[in-house]
Structures are given as structure tokens and as C-alpha cells.
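A.B. asks: Below is the structure, and that's it, no one-letter string:
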Ligand code: SAM
């Protein structure tokens, strides 16, 4: 069946399926219900690894459950920590880092990602990327608090040098202007020599 491209998340999954391969090392910076973590665990195969962050035990439990159902838990390190601690907890090189901002569906909305910690984690992600590695960020400007965070993330992404990074914005057009969108940042620092 063809993928249904309703909003940015399925689009981000298509890109992950193309870029993340057996043996890849990736981070899910906001594991939440674990849907992105599960896809990443499938893609990295037996020889790759996923580091999945969340600050809520509830999210890690839901993710662990989803992984166990597919017997993929050994491919994932579940980290009960904020993604702003990424540099301390994961070593380079990384082939992908995925952020799905906002709150955990079905849990307290107060516990959402925040502009300052998100920007710290995004900067840290760039430091860990392998050549041609990707950072994918799904932003939710329509959520309370998400508008300011989405604007800050977009401003940060736009400020990255086009010599070093290839930065893309992907959003469905025939929806309200505050609909979620996805940013993609590819490390292009060694693209001249590849
Ligand atoms: N990717 C998830 C999925 O597929 O179900 C959805 C993620 S949800 C939109 C955002 C998650 O980010 C929440 O579970 C929340 O607890 C978590 N979060 C908030 N601040 C965080 C931080 N500083 N570090 C890591 N996770 C954080």
C-alpha cells in the first residue's frame, strides 16, 4: 500500500526509510508513544542502535511495550533524561536525530518540549552527525506554546550556513497556516569530497 501523506510525520518516515539503514546509529529525542522509535529500531537492524530520550517515565513505558511486542527492545537504549543532555549520553557518529515536539498524546499537556532545551539539543545533534546525517524536527505551531518554539526552531535552522548544512522545510499547503510542519537538516560539511 502507498503511504498516506496526511501531515508531516508520514513524510518524515519516508525520509527515514530512505536514509536510515542497517547499522545506522540514531536518536529519537522525544520518544513519546514510541512510534518513531519503533520505525527507527526496525530500520537500524541487528547491527545498528537507537537511543530514545523522554523526560516522562510513562512515555518510556509505552515505548518499551511497543518495542517488546516486536521483540526489538535490544536495539534501543531508553533514556529517562532530557534531550538537552544528548552530548553527555550518546557518542558520535549519528546518522539521524528525530524530534517530534510538543506533548505526549493522552498525557499532561504541561509536560511539553521547551524552546531553550530544544535549541540546546538541536545544536548538540549537529555536533554528533556523521557526513550526510539528518536531523528531522516536527514542529506544532498550532499548539499553545508551540508557536513560539516552532518560530525559534525555524529561525535557528535558517541561520545555519548553506555551505555546511542543507536545510529544508516541509509542510502541507492546503491546511491552516498553523498546521504542523517538518524541518530537515542534512550535514553537508564533507559533500565536496564525497
Ligand atoms: N514521537 C512520539 C510518538 O511517535 O509517539 C511523540 C512525541 S511527543 C509529541 C513529545 C514528547 O517529548 C513527550 O513525550 C514529552 O514527554 C517529551 N519531552 C518533553 N521535553 C523533553 C525533553 N527535554 N527531553 C526529552 N523529551 C522531552
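C.D. replies: Noted; the coordinates are in hand. Values in this document were obtained by computation on a predicted structure and should not be read as measured data.

A.B. asks: Taking this structure, what residue is nearest to the ligand?
C.D. replies: Closest residue of the chain to the ligand, C-beta to the nearest ligand atom: residue 32 (2.6 Å). (Glycine included, C-beta is placed from N, CA and C.)

A.B. asks: Do I have it right that that residue meets residue 59?
C.D. replies: Yes. Assessed by C-beta atoms under 8 Å, residue 32 is found in contact with residue 59 at 5.1 Å.

A.B. asks: Overlap of the contact sets of these two?
C.D. replies: Common contacts of residue 32 and residue 59 (C-beta atoms under 8 Å, 6 or more residues apart in numbering): residue 104.

A.B. asks: hang on, the earlier thing: tell me the secondary structure for the residue of the chain closest to the ligand?
C.D. replies: Put simply, residue 32 is coil when judged by DSSP: H, G, I helix; E, B strand; the rest coil.

A.B. asks: just residue 154 next, same as before
C.D. replies: Per three-state DSSP, residue 154 ends up helix.

A.B. asks: ok, now which ones touch it?
C.D. replies: 139, 169, 183.

A.B. asks: Pull the residues that contact the helix or strand hosting the second one.
C.D. replies: When you say that, I think you mean residue 169. For residue 169, the host element (DSSP states H and E) is strand 165-171. With contact meaning C-beta under 8 Å, 6+ apart, strand 165-171 is reached by 8, 11, 126, 154, 157-158, 160, 179-189.

A.B. asks: if we go to 6 Å?
C.D. replies: Identification of contacts with strand 165-171 by C-beta atoms under 6 Å, 6 or more residues apart in numbering yields 11, 157, 160, 181, 182, 183, 184, 185, 186, 188.

A.B. asks: Report whether stretch 83-92 contacts the ligand.
C.D. replies: Yes. Shown here: stretch 83-92 in contact with the ligand (C-beta under 6 Å from any ligand atom) through 83, 84.

A.B. asks: Pull out the buried residues from that stretch.
C.D. replies: 83, 84, 86, 90 (16 or more other C-beta atoms under 10 Å).

A.B. asks: Not counting its neighbours along the chain, what's nearest residue 67?
C.D. replies: residue 73 (4.4 Å; C-beta to C-beta, 6 or more residues apart in numbering).

A.B. asks: quick one, phi psi at that neighbour?
C.D. replies: phi -60, psi -30 (degrees, to the nearest 10).

A.B. asks: next one: residue 8
C.D. replies: Torsion angles, degrees, to the nearest 10, at residue 8: phi -80, psi -20.

A.B. asks: follow-up on the earlier one: for PyMOL, write the selection for the buried entries among the contacts of strand 165-171.
C.D. replies: Written as a PyMOL command, the selection of buried residues from these, which uses 16+ other C-beta under 10 Å, is:
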select buried, resi 11+157+181+182+183+184+185+186+188
